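Asks: Model the following, please.
(chains A and B)
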Amino acid sequence: MNKVRTRFAPSPTGYVHVGNVRTALHSYLVARHGKGDFVLRIEDTDQKRFVDGAERVVLETLQWLGLDWDEGPELDGSEKGAYGPYHQTARKENYLKWAQVLIGKGLAYADPYTPEQVEQFRAEAKAAKKAFLYRDYRPENPPEWDGSRPLRFKVPELKRYEWDDAVMGHLSAGPEALDDFILIKSDGLPTYNFAHVVDDHEMKITHVIRGQEYIASMPKYLSLYDALEFERPVFACEAHIMAPDGNKKLGKRDGAKSVTEYRDAGYLPEAMLNFLASLGWNDGTEQEIFSKEELIEKFTLERVQKSGARFDEKRLVWMNGQWIKQLELDDLYERVHGFWGPAGQKASAAGQKAVLAVVQDRLKTLADLPSLTEYFFTEPKPNWQMVDSNKQLSKLPRTEHTKLLEQATHALEAADFNSEEALQSALNELLAETGQKPPVLFGLVRFALTWAQFSPGLPETMHLLGRERTLARLQVAIDKA
RNA sequence: GGUCCCGUCGUCUAACGGUUAGGACACCAGGUUUUCAUCCUGGCAACAGGGGUUCGAUUCCCCUCGGGAUCACCA
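Replies: Numbering: from 1, shown residues only, chains lettered A, B, ... in the order given. Okay, here's the model as predicted:
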């Protein structure tokens, strides 16, 4: 049995969106599960669509997610990386070599037509309501290939191809799917169709995992494998992630976000990984939360769903909250760097951690941090409108509000602010003293201290604020009533 | 249009001929002496339709319908 080797082979044409990443994740998991290698290959043969900096984004994305690779583009130019180079543009000679093999076998020929002529053929076929097949126009005496024209593959045999797909199962397609496709473009670079077959073979890739858009091309690849006498790897075509609404493939237009956008929006890589992995996959149990290590142990292509799954952002949010909740405080502290509000970011590490501990359960994304914490670091502006629009509190006159706050001030002056229990009992005594119901009294004090729609519990809040600031805020609230 | 793939709650899914069709997200209701969140309890909700095969079909086969992919000198 050969060592498992999988690859992720993106083209540097833009940002990496979540659908691509799921495929990368699956390739990664198969490699790690089989104690094999995960290879990163940059498919940069399309010069027109090349986007500067896109490759860096790919690397960054994978690094952020923790999908470490064993061989990749950074090895180019060094002696490491036994199967490099890992940029296709640097592998031109390899493709030319195999192209010559095909020419030698009479299975490749120069395309004598201009693009306009081919377009003409296509139009004719369409007019005749027939599927266009280049092989119907195959030239009888093609010129010798000098590299200035496209080199086409000559399908050796028109037959039905059958193959096994690790996700889709047994598949087959008739000869209609076979045609003479271009191996080498007139710019001298190979097409994806040719390049990936050569590369996968030379790089000893054992599992080719990609999106289902490649199913239709499988017969072409298979005939190429046969012509080149390459052994077939394990193939896996998986369904696409669908847009949240509608049934279309998740794409740029549907608001598909790049992975880095999710990072910037405060999602944890663990949550992203967990979510992507469990989209269209489960281990057969009722487990929902999986760490990367668990995924490596449990993931198999056989359990990947055949149908497309929708990208349900609400589930992602939930999962992110789950992951945030189970983080160690120090870990969380490290990760929220950059997410604090203007006042929070200036606070001491100890101050930040104390606040984090209290809001951790409330965080769905790290980006929620400022709205949940700013009032701990800067004095909130009294907004009695909040009190007046409160169902319970609006029943009381303003004089009663201030009277209650004064009583609260009095009761708390003597309290021990180092103990949440002590604060709670002071509050309880106040409750008895004023004869108010908890929603009224506690609600009012909570507003006076935070002027926020939501906040942690009162004792926690007061403990964090300390005696001085608690009393000061009560006083400000009374003054501005 | 040709070729190919898919079809269980609103969403993600479990089930590999016999279950009150299970779980999770979302939603709704209640609980945890204030709010929000967490947490707990309960609720709502699905086998696309029609034929077969079988003692018995969500499960196997066929058809219909529905959805998707692909038909480039893009990957």
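
Asks: contacting residues for the nearest residue to A:S258 once chain neighbours are set aside?
Replies: In this structure, A:S258 finds its nearest non-sequential neighbour in A:Y15, 3.7 Å apart by C-beta to C-beta, 6 or more residues apart in numbering. Where C-beta positions appear, they are placed from N, C-alpha and C, glycine not excepted. With contact taken as C-beta atoms under 8 Å, 6 or more residues apart in numbering, A:Y15 is in contact with A:54, A:57, A:258-260.

Asks: how close does A:Y15 get to RNA strand B?
Replies: In this view, A:Y15 and RNA strand B are 14 Å apart by C-beta to the nearest atom of the strand, to the nearest Å.

Asks: That residue sits in which helix or strand?
Replies: If you go by DSSP states H and E, A:Y15 is not part of any helix or strand.

Asks: How about the strand or helix carrying A:V355 and RNA strand B, any contact?
Replies: Assessed by DSSP H and E, A:V355 sits inside helix A:349-359. No - against RNA strand B, helix A:349-359 shows no contacts by C-beta under 7 Å from any atom of the strand, the least distance being 8.2 Å.

Asks: And for that helix, what's in contact with it?
Replies: A:329-330, A:332-333, A:336, A:340, A:344, A:347, A:369, A:372-373, A:376-377, A:456, A:460-461, A:464.

Asks: So which bits of it are buried?
Replies: For helix A:349-359, the neighbour count (16 or more other C-beta atoms under 10 Å) marks A:352, A:354-356, A:358-359 as buried.

Asks: Export the residues you listed to JSON lines and append columns for distance to A:Y109 and pLDDT.
Replies: Formatted as JSON lines, the buried residues of helix A:349-359 follow (distance: C-beta to C-beta, whole Å; pLDDT from 0 to 100):
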{"residue": "A:Q352", "distance to A:Y109": "69", "pLDDT": "97"}
{"residue": "A:A354", "distance to A:Y109": "74", "pLDDT": "95"}
{"residue": "A:V355", "distance to A:Y109": "71", "pLDDT": "96"}
{"residue": "A:L356", "distance to A:Y109": "67", "pLDDT": "96"}
{"residue": "A:V358", "distance to A:Y109": "73", "pLDDT": "94"}
{"residue": "A:V359", "distance to A:Y109": "68", "pLDDT": "96"}
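
Asks: Save those as TSV, and put in distance to A:L133 too.
Replies: Shown next, in TSV, are those (distance: C-beta to C-beta, whole Å):
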residue	distance to A:L133
A:Q352	66
A:A354	71
A:V355	67
A:L356	64
A:V358	68
A:V359	63
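
Asks: of those residues, closest to A:P142?
Replies: Taking C-beta to C-beta as the measure, A:P142 sits nearest to A:L356 out of the buried residues of helix A:349-359, at 70.2 Å.

Asks: that older thread, mind picking the two most distant members of the contacts of A:Y15?
Replies: Farthest-apart pair in those is A:A54 and A:V259; separation 13.0 Å (C-beta to C-beta).

Asks: Between the two, which is the more surrounded one?
Replies: Neighbour tally, A:A54 and A:V259, criterion other C-beta atoms under 10 Å: the higher count belongs to A:V259, 25 against 18.

Asks: rewinding a little: quick one: distance of the helix holding A:V355 to the chain centre.
Replies: How far helix A:349-359 lies from its chain's middle: 29 Å, per C-alpha atoms, centre = their mean, to the nearest Å.

Asks: Tell me which residues are up against stretch A:401-419.
Replies: Here stretch A:401-419 makes contact (C-beta under 8 Å, 6+ apart) with A:387, A:393, A:422-423, A:426-427, A:429-430, A:433-434, A:436, A:440-441, A:444-445, A:448, A:462-463, A:466-467, A:470-471, A:474-475, A:477-478, A:481.

Asks: if we go to 7 Å?
Replies: With C-beta atoms under 7 Å, 6 or more residues apart in numbering as the test, stretch A:401-419 has contacts from A:387, A:422-423, A:426, A:429-430, A:433-434, A:436, A:441, A:444-445, A:448, A:462-463, A:466-467, A:470-471, A:474-475, A:477-478, A:481.

Asks: Are the helix or strand just after the helix holding A:V355 and RNA strand B in contact anywhere?
Replies: Elements were assigned by DSSP H and E; along the chain past helix A:349-359, the next helix or strand is helix A:369-377. No - contact of helix A:369-377 with RNA strand B (C-beta under 7 Å from any atom of the strand) is absent, the minimum separation being 7.9 Å.
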